[in-house]
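Undergrad: what follows is a predicted protein model with its sequence.
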Amino acid sequence: MQADTLVTSARDGDIAVVTVANPPVNALSQPVRAGLQRAVAAAVADPAVGAIVLRCDGRTFIAGADITEFDKPPMAPVLSDVLMEIEAAAKPVVAAIHGTALGGGLETALASHWRVALAGARFGLPEVKLGIIPGAGGTQRLPRAVGVEKALQMITTGDMIDAREALALGLIDAIVEGDLAAAAVAFARRVVAEGGKRPRLSERDERVADARGRSELFAEARRQATRRARGQDAPLRAIEAVEAGVNESFAAGLARERAISAVLKASDQSRAQRHLFFAEREAGKIPGLGPVARPVDVASAAVIGAGTMGGGIAMCFANAGVPVTLIDAAPESLQRGLAVVRRNYESTAARGGMTAAEVERRMALIRPGAGIADVAGADVVIEAVFENTAIKRAVFAEIDRHAKAGAVLGTNTSTLDIDAIAAATGRPDSVIGLHFFSPANVMRLLEVVRGAKTADATIARAMALGRQIRKVPVLAGNCDGFIGNRMLRARGREAERLILEGALPHEVDRVLYEFGLPMGPYAMGDLAGLDIGWRIRQERGLTSPVADRLCALGRFGQKTGAGWYRYEAGSRTPVPDPAVEAIVVEVSRELGIARRSIGAEEILRRLLYPMVDEGARILEEGIAIRPGDIDVVWAYGYGWPVYRGGPMHWADSVGLARIRDGLLAMRREGDPAPAALLERLAAEGRGFRDLAAA
Ligand code: 3H9
């Protein structure tokens, strides 16, 4: 695409209107940068032009640099140079903002002299989410516009602010209504009439002067960034760039920003985070679906089961403004469930996360239902009762009697057979697995599980529904554990071997925590409750020698104050427990296993390689469509560190031959050979990423 078609100029009297039209999000690809440079220079050179309006066609103002260019060598003109020219322009430049001004887009607006926006516009520097920092002056101009503290918060979190806040902070000069282009032209004309002022943020000092030499401000920002984004380089490096600009000068800060930006763009962390950015979007595309009607938003929902999961799922709907009926067979459970939901909202409100009126608005969206007959009006019904096939089948037979034709019937199961549940209804084509992750109102992942008879239209609607309630939906096939829990189980098997061979639970957990996961399998077990797995093992005639013994002692995890760890009263902090160590050692002895010391490197390898192997099987069987889908599941459902890109991306970075060799080395009698897909890719010297491209 040529610069001339992506960036065009028109005249409205004495105002030049420069328009970027690079769908879908007006990213700053090379032709756009070149086009902007040329259009602004031409307008400045035109004696008939008094001021310039910079606007965008389509759904948004510029949403940032073109991320697809990051793997290519830099192409002139670089954005920071174009923006220096815009800021230095001899005529006022007014940015007219709608949609989202993000990253390089916000930097373009900050380099302009004036900024006007529609009330719905939002603003942010989300670069850290891609493992980089703003690279075209954002770390320098934003603090000069909104003050150092606010800028540090925006830059290190990547979170957006709305137009009202932007106006209050001085990030924008006006909120306008109606036709944005016309309003921006009128604004520009006023600027000309009032003398054509061109305030340049690079020259503005007062907001950064306040922070000069205040090292505690930056120390606090570092402390918060380290806690919130443990292991990530970008937020800390962004703080460094801001600090340089505050303590030295705009030019010094800009130079530091540019140097850091170049290093991070080429970093493994950024590569991993960019992979997840695209994988998340790719996961929404389902190849091979027949022609289905474009799903419309659901207007109402029903959730059956008012326990922790059901209540959390109901909150997801209320949070998205969708009325939801919460139903439970036991009236007291329903009341308890509603009270828990209210408490959750009220504690958010107490932390300043929402107003008291908002709590009431959301609670009003959650209606208590009298019985399953109340699912009748719902576009989507989600069953979240006890994890037991017979119980779920009974509930589905009831749902089938009352739900309206065409409703999506979802079961929130983490392991059960979707087909067996669907068969309890006369419409298995409408039944689908909707596996929410706990806490359901917080975790972004939604595993959407297609059964053998699930209709394409049901799949499309379930995926759309996931997006409507702000989840990241990933389609999985029907198997025991689907994508996430199946891989978790592969890891769990090896974790058990590790403790029997010589490692202790807290040593295993520490290795995964240091790798970047929020917790390891033992702390996770204590959080979820060990009795659930115990019951399932009993039903299936399985054993887990140490866990079974803990459960027999009533050690069910956090809820009983003891499990794999012990817990002080009122605390959720796991404390290693000598009693558990004694049990582990005793079980090893009973099984005739000589314990030895096992290092962190071996622990990590033995926990993660089997996950990759299981992931390869999941791909072979078509349970996951793409390796990237597995990565999205782990990043959004299990807290896999985003800067490692998910297990399949990570495996590619390790090298599949090394993983195959490691799996062979740890293989015991009775273990299956590594997955054929893994063997093949390793032998060909390729990675999972090559599958995605194939
Ligand atoms: C940056 O700016 C660095 C600077 O400091 C300068 C350094 C010198 N590039 O999300 P959607 C694609 S870093 C290329 O589904 P939505 C996306 O892949 C950048 N492509 O839409 C998808 O493609 P497809 C900082 C991009 O309405 C399509 O657009 N900016 C980019 O739900 C639609 O995307 C960011 O990080 C891009 N920058 O949400 C913003 N952005 O249809 C990243 C999107 O083929 N973008 N695409 O799958 C977003 O957050 C969301 O896309 C946005 C729209 C909120 C804009």
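TA: Thanks, I have it. Residues are numbered from 1 along each chain as shown.
Undergrad: and the closest residue to I623 other than its chain neighbours, how close does it get to the ligand?
TA: Excluding its sequence neighbours, the residue lying closest to I623 (C-beta to C-beta, 6 or more residues apart in numbering) is G477, at 3.9 Å. For every residue, glycine as well, the C-beta is placed using N, CA and C. Distance, G477 to the ligand, by C-beta to the nearest ligand atom, to the nearest Å: 23 Å.
Undergrad: next, count neighbours for G477.
TA: Residues near G477, counting by other C-beta atoms under 10 Å, number 18.
Undergrad: then D4?
TA: If you count neighbours by other C-beta under 10 Å, D4 ends up with 13.
Undergrad: tell me what the helix or strand it falls within is packed against?
TA: Using DSSP states H and E, D4 falls within helix 3-6. Helix 3-6 is packed against helix 30-45, with contacts defined by 3 or more C-beta pairs under 8 Å, 6 or more residues apart in numbering; DSSP states H and E.
Undergrad: tell me the buried residues in the helix it packs on?
TA: 30-40, 43-44 (16 or more other C-beta atoms under 10 Å).
Undergrad: out of those residues, who's nearest the ligand?
TA: Taking C-beta to the nearest ligand atom as the measure, the ligand lies nearest R33 of these, at 9.3 Å.
Undergrad: the closest one: what's it in contact with?
TA: Shown in contact with R33 (C-beta atoms under 8 Å, 6 or more residues apart in numbering): P77, V78, L79, V82.
Undergrad: recalculate using a threshold of 10 Å.
TA: 3, 6-7, 65-66, 69, 75-79, 81-83, 104, 108, 136 (C-beta atoms under 10 Å, 6 or more residues apart in numbering).
Undergrad: tell me the pLDDT at it?
TA: R33 is assigned a predicted lDDT (pLDDT) of 98.
Undergrad: ok, the one 3 residues further on next?
TA: Per-residue confidence at L36 stands at 98 (pLDDT).
Undergrad: also S571?
TA: S571 carries a pLDDT value of 92.
Undergrad: so what's the residue count around it?
TA: With other C-beta under 10 Å as criterion, S571 counts 11.
Undergrad: before we move on, what about A349?
TA: By other C-beta under 10 Å, neighbour count at A349 equals 16.
Undergrad: how about A76?
TA: Neighbours of A76 (other C-beta under 10 Å): 10.
Undergrad: the one 3 residues further on now?
TA: Neighbouring residues of L79 were enumerated by other C-beta under 10 Å; the total is 24.
Undergrad: go ahead and confirm it touches L106.
TA: No - assessed by C-beta atoms under 10 Å, L79 is found out of contact with L106, at 11.8 Å.
Undergrad: kindly identify which of the contacts of R33 also come near the ligand.
TA: Among the contacts of R33, the residues lying close to the ligand (C-beta under 6 Å from any ligand atom) are A65, D66, L79, G104, A136.
Undergrad: and the third one, what does it touch?
TA: If I follow you right, that is L79. 28, 30, 32-33, 36-37, 64-65, 103-104, 107-108, 111, 135-137.
Undergrad: again with the first one
TA: Contacts were defined as C-beta under 10 Å, 6+ apart; by that measure A65 touches 27-29, 32-33, 79, 102-105, 107, 127, 130, 132, 134-136, 265.
Undergrad: report pLDDT for it.
TA: According to the prediction, A65 has pLDDT 97.
Undergrad: now it, nearest residue through space, not along the chain?
TA: Nearest to A65 is G104, by C-beta to C-beta, 6+ apart, at 4.2 Å.
Undergrad: what sits against that neighbour?
TA: G104 touches 27-28, 32-33, 62-66, 79-80, 82-83, 125, 127, 134-138, counting by C-beta under 10 Å, 6+ apart.
Undergrad: could you do P672 as well?
TA: D613, R617, L663.
Undergrad: likewise R444?
TA: Taking C-beta under 10 Å, 6+ apart as the test, what R444 contacts is E280, F437, G466, R470, K471, V472, P473, V632, A635, Y636, G637.
Undergrad: now E87
TA: Contacts of E87 by C-beta under 10 Å, 6+ apart are 93, 110-113, 137, 141, 198-203.
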